[in-house]
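S.K.: when you get a sec, could you give me coordinates for this:
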Amino acid sequence: MLDDIITTVSQFIKSINWTVDLIVCVPPSRKGRKFQPVPPIAIGIGRVLGIGVCVDIVVKVKDTPELKNIFDFEERMRILKDAFEIRDPVVAGRSILLFDDLYRSGATLNAVSRLLQQEGKVRNIYVLTLTMTRSIR
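M.R.: As a prediction, this is how the structure comes out:
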């Protein structure tokens, strides 16, 4: 199953000609989840495309409530303020693929992207998620 996802995502990235130096994983929202799909998929994509992968360069440092029942985007952004840190400056000056499994409102991706731009000094950020919720309500 993961191999099919890795192949499909890798083919998609090749087809749109993104110039990516590094794949960066979005940290999991729930640390206690038994299986975290993002790291193994990102590692597989990196292997297929010959791109380095940073699984834990961005880490969640602040506990936040689950966002699935918070529908106001600004409230989500307020909750995520200062929730993440960069553990290594290896992203500076690079074009990265920010990779996650789920897109709901974009709040987490926005928060992590801002951190990578402002503190990580990345050159370009491409964002890719595997799924998108049908509705945020």
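
S.K.: contacts, neighbours, all on C-alpha from now
M.R.: Noted.

S.K.: list the buried residues of the helix ranked longest in the chain.
M.R.: Using DSSP state H to define each element, the chain has its longest helix at helix 2-16. Judged by neighbour count using 16 or more other Cα atoms under 10 Å, the buried positions of helix 2-16 are 6, 9-10, 13.

S.K.: and what of stretch 77-96?
M.R.: Residues of stretch 77-96 classed as buried by neighbour count (16+ other Cα under 10 Å): 77, 79-80, 83-86, 91-92, 94-96.

S.K.: verify the stated contact: Val122 with Leu97.
M.R.: No - between Val122 and Leu97 there is no contact under Cα atoms under 8 Å: 10.6 Å.

S.K.: any idea of the mean pLDDT in stretch 96-112?
M.R.: Mean pLDDT, computed over stretch 96-112, is 91.

S.K.: show the subsequent helix or strand relative to the lowest-mean-pLDDT helix or strand in the chain.
M.R.: Least confident helix or strand, the chain: helix 73-80 with a mean of 90, by mean pLDDT, DSSP states H and E. Downstream of helix 73-80, the first helix or strand assigned by DSSP states H and E is strand 84-86.
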